[in-house]
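Peer 1: 3D, please:
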Amino acid sequence: MRVDRSQSLSIGDWLLRAVLVTSLAALAWWAAWVLDPRDLRGPVILFALVVAGQALDVFTVLGFWHAIWPRRRSRPPFAPVRGRGSLLVLTRDEPVQVVEQTLKAALDVRRRHRVFLADPFERPELGWLAGWYGVRRLSPEMEELDGIAAARFLAIIEAGQVPRPEFLERLLPYFADRSLALVQAWCSRRGGSRGRVRDAVLRGGQALGRPTCLGTNYVLRRSALHSVGGFGPGATSPAGALRLAAALRAEQWASRYVGERLTDGLGARGPVARLAEGSRQAAARLASLLPVRRRRGASPGQVFHSVWAAMRFPALVGLPLSALALATYATLEPLPLGWARNLAVHLVPYLAMRAAVRLVVAVRRPQDLPSLRPEAAAGAEAEGRPEAPPPPVREPMPPLQAAPGAAVVRLPWDAAAGPEPEPVPDPPPAPRPRALRAAVAIAAAWIVTTGAIGAVAFAVIRSNPPQGPAQVQGGGTPTYSYYAPVQPP
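Peer 2: Numbers count the residues shown, from 1 in each chain. Got it, this is the predicted structure:
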């Protein structure tokens with residue numbers, strides 16, 4: 001993926017980079033202590049558990065930091081695109097009222113063509129919804145979808161996600177890129193800080209050239225679907241959505257993640273439902289990694305991100321495992337108070353910087369998203385004026401084509417939609433004084449926190465000069481070594 005280097009990093013991006021570099025130093029400070037066998041002289045099995053747990057935890061943390069590392073992102077083509085989109089509402093085990101609210105919102109989406117209800121389990125309680133709202137209920141195999149969709153694009157919405165009226169208007173202009181087959185939008189049921197952290201990870205995957213498909217809130221170009229055999233029931237599961245994105249990439253089609261919230265969740269679900277959904281997502285990502293093989297042309301950073309994205313949820317057991325092993329060691333061995341102080345001196349900076357990274361990511365605002373100029377807007381404007389026609393095209397556009405090697409199928413609805421105008425460059429974003437003040441406040445807080453941690457560490461080391469390994473292993477307990485109990489400054 002070619003990156004537009006003209007898009008410079010913002011002040012917030014540089015601050016996040018500074019926080020991440022400091023967090024790496026805190027991680028090294030902690031790992032050098034906890035991974036040394038002289039600090040855990042108990043049973044070998046406990047030390048092995050600590051090492052294994054910390055290895056998983058470090059892998060999880062480094063993968064997260066690598067994903068959110070601010071990078072220069074390419075500015076995508078964004079222009080009016082002719083044609084409309086059909087909406088497919090997927091159902092699983094959601095209550096009837098949840099499915100009904102999603103259907104009602106789908107019918108209010110602008111630039112839509114038809115709405116379809118996919119009910120793979122043929123639940124009897126959903127039989128009346130299709131007739132009541134005038135939508136087509138598909139068979140479990142969905143073999144009739146391709147013949148009756150009759151639209152240039154296909155949007156996939158899972159029941160429980162409520163699309164906003166501008167859902168298609170905001171996503172279709174990205175398809176001005178002729179090689180783009182899939183556009184994934186924001187997906188979160190509860191929003192809040194957790195949703196913003198997840199959005200930062202997905203943006204990082206997009207910047208690394210590894211955008212993902214979440215199984216809902218995305219739009220497909222139907223011409224690209226024909227090159228991978230169409231859209232079937234196998235693509236409705238989380239694992240099927242990942243396989244669909246991989247199949248499109250194999251055919252040289254591009255995908256894009258757009259961190260714009262165009263749907264609203266219907267509220268938080270119970271812990272059992274959240275656990276089940278998380279398990280499905282984790283299993284799908286793990287299955288996408290197997291068999292382990294390096295994609296041709298993938299950089300080491302892309303491979304690391306793909307492996308971390310697949311292993312991030314199973315690797316979360318690393319921190320509880322190491323904490324349990326340390327607690328067991330402290331219970332079995334009579335340890336002086338200095339050992340606990342030494343543990344705290346090395347662990348607290350790491351935990352503090354780890355929390356600071358998530359806090360900065362959760363509160364910072366993403367970069368401005370592209371927008372159409374008023375004279376080129378394809379949909380209704382914010383004031384509610386009627387839809388304006390696209391600007392005239394003086395020269396005919398070349399036929400639809402994808403990236404080199406892609407299997408392009410020219411379909412009837414592509415010709416009926418007519419040629420598309422040239423992409424309109426996005427104007428530079430206006431300066432935001434509030435964002436600048438927030439960046440200055442974050443910088444000041446970071447400087448104060450880093451200075452405090454450095455001052456404490458310097459005072460401890462200066463009051464306790466390190467001794468060599470021979471002195472540590474000699475008779476008696478030395479006053480201090482890097483691995484021995486800490487004396488107060």
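Peer 1: from residue 57, how far off is the nearest residue to residue 259 once chain neighbours are set aside?
Peer 2: Closest residue in space to residue 259, ignoring its immediate chain neighbours: residue 199 at 4.8 Å, by C-beta to C-beta, 6 or more residues apart in numbering. Just so you know, the C-beta spots here come from the backbone N, C-alpha and C atoms, and that holds for glycine as well. Per C-beta to C-beta, to the nearest Å, residue 199 is found 23 Å from residue 57.
Peer 1: what's in contact with the helix or strand in which the residue nearest to residue 259 is found?
Peer 2: Assessed by DSSP states H and E, residue 199 sits inside helix 192-207. Helix 192-207 is touched from outside by 3, 64, 66-69, 71-73, 184, 186, 188, 211-212, 256-257, 259, 305, 309, 358, 361-363, 366, with contacts defined as C-beta atoms under 8 Å, 6 or more residues apart in numbering.
Peer 1: what subset of those residues is buried?
Peer 2: 64, 67-68, 71, 184, 186, 188, 211-212, 256-257, 259, 305, 309, 358, 361 (16 or more other C-beta atoms under 10 Å).
Peer 1: show me the two of those residues that sit farthest apart.
Peer 2: 256 and 358 (25.5 Å; C-beta to C-beta).
Peer 1: in helices, which of the buried ones among the contacts of helix 192-207 fall?
Peer 2: Counted as lying in helices by DSSP state H, out of the buried ones among the contacts of helix 192-207, are 64, 67-68, 305, 309, 358, 361.
Peer 1: lowest-confidence entry in those residues?
Peer 2: Scanning these for pLDDT, the low point is residue 309. It has 85.
Peer 1: list the contacts of that one.
Peer 2: 63, 67, 205, 210, 212, 285.
Peer 1: now do the buried residues in the helix holding residue 199.
Peer 2: 195-207.
Peer 1: now swap in stretch 37-57 and tell me
Peer 2: Neighbour count says stretch 37-57 has 39-40, 46-47, 49-51, 53-54, 56-57 buried, by 16+ other C-beta under 10 Å.
Peer 1: for residue 345, state which of these is nearest.
Peer 2: residue 39 (12.1 Å).
Peer 1: may I have the phi/psi pair for the closest one?
Peer 2: Dihedral pair for residue 39: phi -90, psi -20, per degrees, to the nearest 10.
Peer 1: what does the one 4 residues further on give?
Peer 2: Taking degrees, to the nearest 10, you get phi -60, psi 140 for the backbone angles of residue 43.
Peer 1: quick check: it vs residue 324, distance?
Peer 2: 14 Å.
Peer 1: now residue 247
Peer 2: Distance from residue 247 to residue 324, by C-beta to C-beta: 42 Å.
Peer 1: which one's more surrounded, those two?
Peer 2: Looking at residue 247 and residue 324 with other C-beta atoms under 10 Å, you find the greater number of neighbours at residue 247, namely 17 against 14.
Peer 1: just to check, the more buried one is in contact with residue 230?
Peer 2: No. The criterion here is C-beta atoms under 8 Å, and residue 247 misses it with residue 230 at 11.0 Å.
Peer 1: tell me the buried residues in the host helix or strand of residue 26?
Peer 2: Per DSSP H and E, residue 26 falls inside helix 11-34. Judged by neighbour count using 16+ other C-beta under 10 Å, the buried positions of helix 11-34 are 12-13, 15-16, 18-20, 22-23, 26-27, 29-31, 33-34.
Peer 1: check pLDDT for the residues you listed and point me to the minimum.
Peer 2: The minimum pLDDT among these falls on residue 12, with 84.
Peer 1: quickly name whichever of the ones in helices among the buried ones among the contacts of helix 192-207 is closest to residue 160.
Peer 2: residue 309 (23.1 Å).
Peer 1: separation between the closest one and residue 350?
Peer 2: 23 Å.
Peer 1: in the stretch 1-150 of the chain, which spans are helices?
Peer 2: 11-34, 44-68, 96-107, 127-133, 145-148 (DSSP state H, counting those that start in this stretch).
Peer 1: neighbours of residue 132, how many?
Peer 2: 10.
Peer 1: list the contacts for it?
Peer 2: Counting by C-beta under 8 Å, 6+ apart, there are no residues that residue 132 touches.
Peer 1: can you pull out the strands in the stretch 251-400 of the chain?
Peer 2: Ranges of strands within the stretch 251-400 of the chain are 254-258, 263-265, based on DSSP state E, counting those that start in this stretch.
Peer 1: out of these, the one nearest residue 90 is which?
Peer 2: strand 263-265 (13.0 Å).
Peer 1: other SSEs contacting the closest one?
Peer 2: strand 161-163 (3 or more C-beta pairs under 8 Å, 6 or more residues apart in numbering; DSSP states H and E).
Peer 1: for the strand it packs on, packing partners?
Peer 2: Against strand 161-163 (3+ C-beta pairs under 8 Å, 6+ apart) you get helix 96-107, strand 263-265.
Peer 1: got these as JSON lines, with mean neighbour count, mean pLDDT and distance to residue 240 columns?
Peer 2: Listed next are the helices and strands packed on strand 161-163 as JSON lines, based on neighbours: other C-beta atoms under 10 Å; pLDDT from 0 to 100; distance: least, C-beta to C-beta, whole Å:
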{"stretch": "helix 96-107", "mean neighbour count": "18", "mean pLDDT": "93", "distance to residue 240": "19"}
{"stretch": "strand 263-265", "mean neighbour count": "18", "mean pLDDT": "88", "distance to residue 240": "20"}
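Peer 1: dump those into JSON lines; add distance to residue 117 as well.
Peer 2: Shown next, in JSON lines, are the helices and strands packed on strand 161-163 (distance: least, C-beta to C-beta, whole Å):
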{"stretch": "helix 96-107", "distance to residue 117": "7"}
{"stretch": "strand 263-265", "distance to residue 117": "17"}
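Peer 1: that'll do, ta.
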